[in-house]
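J.: here you go, sequence then predicted model.
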Amino acid sequence: MRFARLRVGVIAALVVFGITLTACDAVTVTGENAAAPTITENPWELAAAATSSGTSGPRPGVPDAPLTAENGDGGAIDRLSLNAIADIEEYWKAEYAKTFPGTLKPVSRFISWDAKAPEQKSVKFCRSDTYQVVNAAYCSGDHTIGWDRGVLLPEVQKKYGAMAVVMVLAHEYGHAIQGQAKIAGFLTPVLVQEQQADCLAGVFLRHVAEGNSKHFTMNMTDGLDGVLGVTVAIRDTDPSDPDNVHGSAFERVTAVQLGYNDGAAACKKIDRNELESRRGTLPTTFEIEDEEQQQLPVDVASLTSVSQALAKAFPIRQTPKFDYSGVVKNCPKVTATAPVSYCPTSNTIGTDVRTLAKRGASAGEDEVLSDTVAGDYNAFIVFVSRYMLAVQQDRGLKLTGADTAGLRTACLSGAFTTELSEPSSDPRLSAKDLDEAVSGLLSDGLAAADVDGKIVTSGYQRLEAFRTGVLDGERACLTKFA
């Protein structure tokens, strides 16, 4: 976020072991004094087999799929990849015609390579050499899917789990579907194609979560959160880069959740107009040259400015008191949350400014495949969330319950975030602020805590609540999380 602008992705290009990592693309051949928040059991469970505490990853004892990859080594990554593709293909063979025209034409070939291998051992994929290529992709020229078994997929599995590898390949298979489904063509913007592929991956992941995948299971906590983690990691990291194709972390998570929640029909609706409508006034690029360097300092002056914007967007009958000397101590029947707390008895928001400022500082974002998006709004969103507890008290709503008050808090915080994107807002949302909020909600969920710091276990659920607020506003928050 910044004043009269609050400065409040797999990654397009980074170096892993000295090798260039490019994002997973479809390749088209053409010519402190307070208690820390506590996690509660996730109450949001699917009607079928998905649970918060179940296993996530390959099912033990299930024979490998009878698929082979050209140039494969028969190792664990290739087996994981081929089992994933087998289940993805089986699902879409059965479901494709329910939404899309014609009959699915399955992917014809699979190619595996090791980006660390010497040049003489590289192979051709999509008419290009795979020497030092750290990627997974779909090639429309010959209807093939290829992946790097040496660097990319092992790193994805190490950081985010086996289901994150499944997510990567489900995304690539989504690219194989969209052309024949006639939802994307030569003139379709690449970003729209990427959103569709994320959405189609989300459709398949719901199938896994419901217990219907032959080779995999996925729980609603670390399993699904790992999927979202790699989705955030493989994002467009520079909003001003004209070559951006994948979308922001917020946009990628939104697309996955559209497919997961609403099925393939939702993916069919994603086009240029739908994406522009969904974006609304939300910033997607930096408006001035040094905008990213103009982040608001997380200090009393900035917090005061944000509190004034909150009072304007969400007026309440009794404006809360703001104490910047620390969290509220000795609040009756309430466990204070750090670094910002709300005491309903005294109607006071207490902030440990120094600790909150540390949250907004850069840390960990330079790691390979990092789902950390550092910046000021990762701190400000926590401050905003405690004001939203005061809003709920003003509305006569309960402030306890991770699955009610906590998620309602995250949702209302999302609604306010959209208010900050309006041209007249000061301070005003900046590109990357949404991703900073997404990163914080996925990692620890402080902005989704109830008044006692209780947080639902599932990062997916926390992000779904925030997304609802951003896209649908206050009324949807009060209805969905009644």
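T.: Ah, there it is. Numbers count the residues shown, from 1 in each chain.
J.: now the strands for the stretch 251-400 of the chain?
T.: 321-323, 340-343, 348-351 (DSSP state E, counting those that start in this stretch).
J.: shaky segments in the stretch 201-350 of the chain?
T.: Applying pLDDT under 70 to the stretch 201-350 of the chain flags the ranges 236-245, 285-294.
J.: hmm, try it at 80
T.: Residues of the stretch 201-350 of the chain that meet the criterion pLDDT under 80 lie in 236-246, 283-295.
J.: all helices of it, in order?
T.: Applying DSSP state H, counting those that start in this stretch to the stretch 201-350 of the chain gives helices spanning 222-233, 249-262, 264-268, 272-279, 300-313.
J.: now render the ones you listed as CSV, adding distance to residue 460.
T.: (Each C-beta comes from the backbone N, C-alpha and C, glycine too.) CSV is the format used below for those (distance: least, Cβ to Cβ, whole Å):
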stretch, distance to residue 460
helix 222-233, 5
helix 249-262, 7
helix 264-268, 16
helix 272-279, 19
helix 300-313, 27
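J.: so of those, which one's packed in deepest?
T.: Comparing the helices of the stretch 201-350 of the chain by mean neighbour count (mean count of other Cβ atoms under 10 Å), helix 222-233 ranks first with a mean of 27.
J.: export that one as CSV, just CAs?
T.: C-alpha atoms of helix 222-233 as CSV (Å, rounded to 0.1, in the frame of the first residue of the first chain):
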residue,chain,number,x,y,z
ASP,A,222,-1.6,-30.2,4.6
GLY,A,223,-2.6,-31.9,1.3
LEU,A,224,-4.7,-29.2,-0.1
ASP,A,225,-2.6,-26.5,1.5
GLY,A,226,0.4,-27.9,-0.3
VAL,A,227,-1.4,-27.7,-3.6
LEU,A,228,-2.2,-24.0,-2.9
GLY,A,229,1.4,-23.5,-1.8
VAL,A,230,2.8,-24.5,-5.1
THR,A,231,0.1,-22.5,-6.9
VAL,A,232,1.2,-19.4,-5.0
ALA,A,233,4.9,-20.2,-5.6
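J.: please compute how far it lies from its chain's middle.
T.: 7 Å (Cα atoms, centre = their mean, to the nearest Å).
J.: and for stretch 422-430?
T.: In terms of Cα atoms, centre = their mean, the centre of stretch 422-430 is set 23 Å apart from its chain centre.
J.: next one: stretch 384-399
T.: 26 Å.
J.: kindly report the same for stretch 339-346.
T.: Taking mean C-alpha positions (Cα atoms, centre = their mean), stretch 339-346 and its chain are 29 Å apart.
J.: quick check: buried residues in it?
T.: 339, 340, 341, 342, 343, 344 (16 or more other Cβ atoms under 10 Å).
J.: quick one, strands of the stretch 1-150 of the chain?
T.: 13-16, 19-22, 25-27, 38-40, 57-58, 109-113, 124-125, 128-129, 136-139, 144-148.
J.: picking up where we left off before, got the strands of the stretch 251-400 of the chain as TSV, with distance to residue 226 columns?
T.: Listed next are the strands of the stretch 251-400 of the chain as TSV, based on distance: least, Cβ to Cβ, whole Å:
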stretch	distance to residue 226
strand 321-323	38
strand 340-343	28
strand 348-351	32
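J.: if you average pLDDT over each of the strands of the stretch 1-150 of the chain, which is lowest?
T.: Note on the strands of the stretch 1-150 of the chain: lowest mean pLDDT is at strand 13-16, with a mean of 33.
J.: the helices in the stretch 51-200 of the chain, which residues?
T.: Secondary structure of the stretch 51-200 of the chain by DSSP H, counting those that start in this stretch: the helices cover 76-99, 152-160, 162-180, 190-209.
J.: can you list those helices in JSON lines and add mean neighbour count and distance to residue 228?
T.: Below are these laid out as JSON lines (neighbours: other Cβ atoms under 10 Å; distance: least, Cβ to Cβ, whole Å):
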{"stretch": "helix 76-99", "mean neighbour count": "19", "distance to residue 228": "17"}
{"stretch": "helix 152-160", "mean neighbour count": "21", "distance to residue 228": "9"}
{"stretch": "helix 162-180", "mean neighbour count": "26", "distance to residue 228": "9"}
{"stretch": "helix 190-209", "mean neighbour count": "26", "distance to residue 228": "10"}
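J.: so which of those is nearest residue 357?
T.: Closest approach to residue 357 among the helices of the stretch 51-200 of the chain (Cβ to Cβ): helix 152-160, 27.4 Å.
J.: ok now the closest one, how far from the chain's centre?
T.: That offset, for helix 152-160, works out to 17 Å (Cα atoms, centre = their mean).
J.: same check on stretch 93-113?
T.: 26 Å.
J.: show me the contacts for residue 145.
T.: For residue 145, the contact set (Cβ atoms under 8 Å, 6 or more residues apart in numbering) comprises 85, 107, 109-111, 136-139, 169, 172-173, 176.
J.: how about a cut-off of 6 Å?
T.: 107, 110, 138, 172 (Cβ atoms under 6 Å, 6 or more residues apart in numbering).
J.: flag the shaky bits of the stretch 1-150 of the chain, pLDDT-wise.
T.: Along the stretch 1-150 of the chain, segments meeting pLDDT under 80 span 1-54.
J.: do the same with the stretch 351-482 of the chain
T.: Residues of the stretch 351-482 of the chain that meet the cut-off, pLDDT under 80, sit at 362-370, 374, 431.
J.: what about residue 385, distance to residue 406?
T.: Per Cβ to Cβ, to the nearest Å, residue 385 is found 9 Å from residue 406.
J.: just the contacts of residue 145 now: which is nearest residue 330?
T.: Using Cβ to Cβ, the contacts of residue 145 come closest to residue 330 at residue 172, 55.2 Å.
J.: fine by me, thanks again.
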